[in-house]
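Visitor: Any chance you can model this:
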Amino acid sequence: MRKVVVVSDMQVPFHDPKAIRNLSKFIRHFKPDEVILIGDEIDFNTISRWSRGTAEEYETTIGDDRDTCVDILWELTGSVPVANMVRSNHTDRLFNSLAMRLPALRELQELQFERFMRLDEMGIKFHKKPYEIAGTNWIAIHGDEQGTLPTAGASAMRAARLHGKSVVQGHTHRLGLMTFTESSGYKVGRTLYGMEVGNLMKFSCAKYTKGTANWTQGFGILRIHGSKVAPQLIPIERDGSFIVEGKVYS
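Guide: Numbers count the residues shown, from 1 in each chain. Below you'll find the model as predicted:
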């Protein structure tokens, strides 16, 4: 049986160090076959369109943020045989910023996201399109591609019905799992899953929410046997701790 851990929305430097430290310990203990990083690993806040014209645009922290994120990615994936990452709206900010402000530099190899984030050095494969999870009817996407619904799991469920495949995604910062089963003439067809795996942000850093949002910290686990997939959501408590298979990680 294959075990896959799915991680989303750390948004370094606005990450929760306690939650990430405990997740790293869990991964080393759990020994998954794969880690899937489904977006917004780094925030790139200083080159966001939201920072334009503000003091934040002039902050020179992007190098430190990148180095912190690389250290975290290494902690999360360095002990697993396979690691994959999918594109996301926040990680797109590097290319988008270059394309809009410094288009002559947008093709420089050292400024390509994969090279800039040292993914090759860490053995992390980057996917610009939905990542198909081998041997299954599941795909991993970030989730910004088709918009966001207010109920946890609903955005992923809508994406699943659009793609015709079960979907695991991030982006919403919510923890939720929904299913949709097709049937006709008393014959049951396929079941699609929509899975949203929460976030690993420190909520107090998300100033744009003005202190109110229905977010839940967490991550996902997929257990795969042949073409069968058993999804599991793991909620993270406010102190960064969580429980998996009777063991507390804190």
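Visitor: Next one: the closest residue to Thr68 other than its chain neighbours, what pLDDT does it get?
Guide: For Thr68, ignoring the flanking residues on the chain, the nearest one in space by CB to CB, 6 or more residues apart in numbering is Val12 at 5.4 Å. Just so you know, the C-beta spots here come from the backbone N, C-alpha and C atoms, and that holds for glycine as well. Val12 is assigned 98 on the pLDDT scale.
Visitor: what are the phi and psi values for Val12?
Guide: In terms of degrees, to the nearest 10, the main-chain angles of Val12 are phi -50, psi 130.
Visitor: how close does it get to Ile72?
Guide: 7 Å (CB to CB, to the nearest Å).
Visitor: Tell me the residues that contact both of the two, please.
Guide: With contacts taken as CB atoms under 8 Å, 6 or more residues apart in numbering, Val12 and Ile72 have Glu41 as neighbours in common.
Visitor: more crowded one of the two?
Guide: Taking other CB atoms under 10 Å, Val12 and Ile72 do not tie; Val12 has more neighbours (25 against 22).
Visitor: Return the distance of that one relative to Leu105.
Guide: Between Val12 and Leu105 the computed distance is 23 Å (CB to CB).
Visitor: Kindly report the same for His171.
Guide: As judged by CB to CB, His171 and Leu105 stand 28 Å apart.
Visitor: Give me the helix or strand of this protein that scores worst on average pLDDT.
Guide: None of the helices or strands of the chain scores lower by mean pLDDT, DSSP states H and E than helix 93-101, at a mean of 92.
Visitor: Dump that helix to PDB, keeping only the CA atoms.
Guide: C-alpha atoms of helix 93-101 as PDB (Å, rounded to 0.1, in the frame of the first residue of the first chain):
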ATOM      1  CA  ARG A  93       3.800  35.800  -8.600                       C
ATOM      2  CA  LEU A  94       7.500  35.500  -9.500                       C
ATOM      3  CA  PHE A  95       6.800  35.000 -13.300                       C
ATOM      4  CA  ASN A  96       3.900  37.400 -13.300                       C
ATOM      5  CA  SER A  97       5.900  40.100 -11.700                       C
ATOM      6  CA  LEU A  98       8.700  39.700 -14.100                       C
ATOM      7  CA  ALA A  99       6.400  39.600 -17.100                       C
ATOM      8  CA  MET A 100       4.600  42.800 -16.100                       C
ATOM      9  CA  ARG A 101       7.500  44.800 -14.800                       C
END
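Visitor: Give me the pLDDT for the residue of the chain positioned farthest from its centre.
Guide: The C-alpha centroid of the chain is most remote from Gly185, which lies 38.9 Å away (CA atoms, centre = their mean). The model reports Gly185 with a pLDDT of 94.
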